[in-house]
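>>> no sequence on this one, just coordinates:
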């Protein structure tokens, strides 16, 4: 049943949403000679809807004016499972606006990720 729910959620988000690119950034090992760590980026393409932030989220304290909600389908555009977004991941929308993920909640009945409910902040 949950696979069908995930497909249904994807269909609804795809119908009203937009294609986004999720970029996960992972720090590599620390290089003492340069004083920094290399950053590896991996990208996935998914479907999402960007909406105004809900009132209950504004009361959580870690949001600022201008933050928005990103509802991200649990599968990518090829139908494969989408890796869960993490705090500090980047999301680029269809208009090339880049957002940083501030918080992530997942809807995962029976352990299958259906939707990621994220708070995102537009990058200036």
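All right, it came through fine. None of these values were measured; they are calculated from a predicted model.

>>> And residue 95, how far from residue 107?
26 Å (C-beta to C-beta, to the nearest Å). (C-beta placed from N, C-alpha, C; glycine too.)

>>> who has more neighbours, those two?
Using other C-beta atoms under 10 Å, the more surrounded residue of residue 95 and residue 107 is residue 107, with 15 against 6.

>>> quick one: contacts for that one?
Contacts for residue 107 (C-beta atoms under 8 Å, 6 or more residues apart in numbering) come out as 113-117.

>>> Please point out which parts of the host helix or strand of residue 48 sit buried.
Residue 48 belongs to strand 36-52 when elements are defined using DSSP states H and E. Buried residues in strand 36-52, defined by neighbour count with 16 or more other C-beta atoms under 10 Å: 44, 46-50.

>>> what about it, distance to the chain center?
Relative to the chain's own centre, strand 36-52 is displaced by 7 Å; criterion: C-alpha atoms, centre = their mean, to the nearest Å.
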